[in-house]
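J.: Dropping a prediction and its sequence here:
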Amino acid sequence: MAATDVFVAIVFYLVAATMILAGASMVLARNMVRSALWLVLTLAGVAVMYVLLSADFLAVAQILVYVGAIMILMLFAIMLTPNQVDLPSAAPQAQRISAALTALAVFGISVFVMLSHRWNVRAVPLDAPSSERLGVLLMSTYVLPFEIASLLLTAGMIGAIVIAREE
Amino acid sequence: MALAPIGLQHFLVLGTILFCIGMYGALSRSNAVGVLLSIELMLNAVNVIMVAFAKFIDTPQELAGQVFAIFIMTVAAAEAAVGLAIVISVYRLRHSIQVDDIDLLKN
């Protein structure tokens, strides 16, 4: 293996382990604030994965949108609902067991399909910064979905204000 | 020990693990904000897989995976904003955001 491959492998395994541990702590944490902060760690790990996948624009957008905006929103929602923060996880045992079984079944089937399928892999993986071509694509091939997405964001913002407004 | 270089399968398995952790959280949490947090994790796991496809899979539509990831991110942002607004308005009405207490449409 070349030196870069070794470096990529080390970063991948370290960050992947961190993400999985942080994700597990997130779903198991009793306190909602801690749960949200564990999610921040996982989402930052996703940004590192984007860098490894040569998606530079998405890595920066991930930090800005998720680690910045959405997590602040989540923390605000947690703090605006006092005395709900520290409740014991009240889901009954049976529900948690069936949730775990469902997740395990989905995991087993997906991993089986993903590893047994013969993917049509590129000879040379994409290995250049992609921001410029991404911008061109968004303004040419995908311009209609792009405009609809902006409409969706506007509608979502107005909807959120109307729903959460004090009567 | 010689490990294989990091390829498509590594990212697929990582994404699946994160997706299933999120799914367990979404199904087992009793706090509505916790359910929303878990759904964010699931969406991000799918995004990782989408971007991995963009890098490794040979398709005529170059970078389609990354464009998809951008749209998923947009929809997730709108979903988080509206979802949290609903949670806050339910809290105002019921003084609880336990999902078992949100049964306004029952009876």
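T.: Okay, I see it.

J.: after whichever helix or strand B:Glu40 is part of comes which helix or strand?
T.: Counting by DSSP states H and E, the element that carries B:Glu40 is helix B:32-56. Next helix or strand after helix B:32-56 toward the C-terminus (DSSP H and E): helix B:64-94.

J.: Tell me how far A:Thr81 lies from B:Ala69.
T.: 31 Å (Cβ to Cβ, to the nearest Å). Any C-beta I mention is one placed from the backbone N, CA and C, and that applies to glycine too.

J.: of those two, who's got more company?
T.: More neighbours surround B:Ala69 than the other of A:Thr81 and B:Ala69, with 29 against 22 (other Cβ atoms under 10 Å in any protein chain shown).

J.: Test my guess that the more buried one contacts B:Asn47.
T.: Yes: using Cβ atoms under 8 Å, B:Ala69 is in contact with B:Asn47, at 4.5 Å.

J.: Overlap in contacts, the two.
T.: Common contacts of B:Ala69 and B:Asn47, defined by Cβ atoms under 8 Å, 6 or more residues apart in numbering or on different chains, comprise A:Leu58.

J.: and the residue lying closest to A:Ile63 once chain neighbours are set aside, what is it in contact with?
T.: Leaving aside its chain neighbours, A:Ile63 sits nearest to A:Ala47 (5.2 Å; criterion: Cβ to Cβ, 6 or more residues apart in numbering or on different chains). When contacts are counted by Cβ under 8 Å, 6+ apart, A:Ala47 touches A:Ala59, A:Val60, A:Gln62, A:Ile63, A:Tyr66, A:Val67.

J.: tell me the pLDDT at the third one?
T.: The predicted local confidence for A:Gln62 comes out at a pLDDT of 92.

J.: Likewise for the first one?
T.: At A:Ala59 the predicted local distance difference test score is 93.

J.: Am I right that it is in contact with A:Val51?
T.: Yes: with contact defined as Cβ under 8 Å, A:Ala59 counts as touching A:Val51 (4.8 Å).

J.: Of these two, give the one with the bigger neighbour count.
T.: The residue with more neighbours, out of A:Ala59 and A:Val51, is A:Ala59; 19 against 15, by other Cβ under 10 Å.

J.: Contacts for the host helix or strand of that one, please.
T.: In this assignment (DSSP H and E), A:Ala59 forms part of helix A:56-62. With contact meaning Cβ under 8 Å, 6+ apart, helix A:56-62 is reached by A:43, A:46-48, A:50-51, A:129-131, A:134-135, B:47, B:51, B:66, B:69-70, B:73.

J.: Which elements pack onto the very next helix or strand once past it?
T.: Remark: after helix A:56-62, the chain's next helix or strand is helix A:71-80, criterion DSSP H and E. The contact analysis (3 or more Cβ pairs under 8 Å, 6 or more residues apart in numbering or on different chains; DSSP states H and E) places helix A:71-80 against helix A:32-52, helix B:32-56, helix B:64-94.
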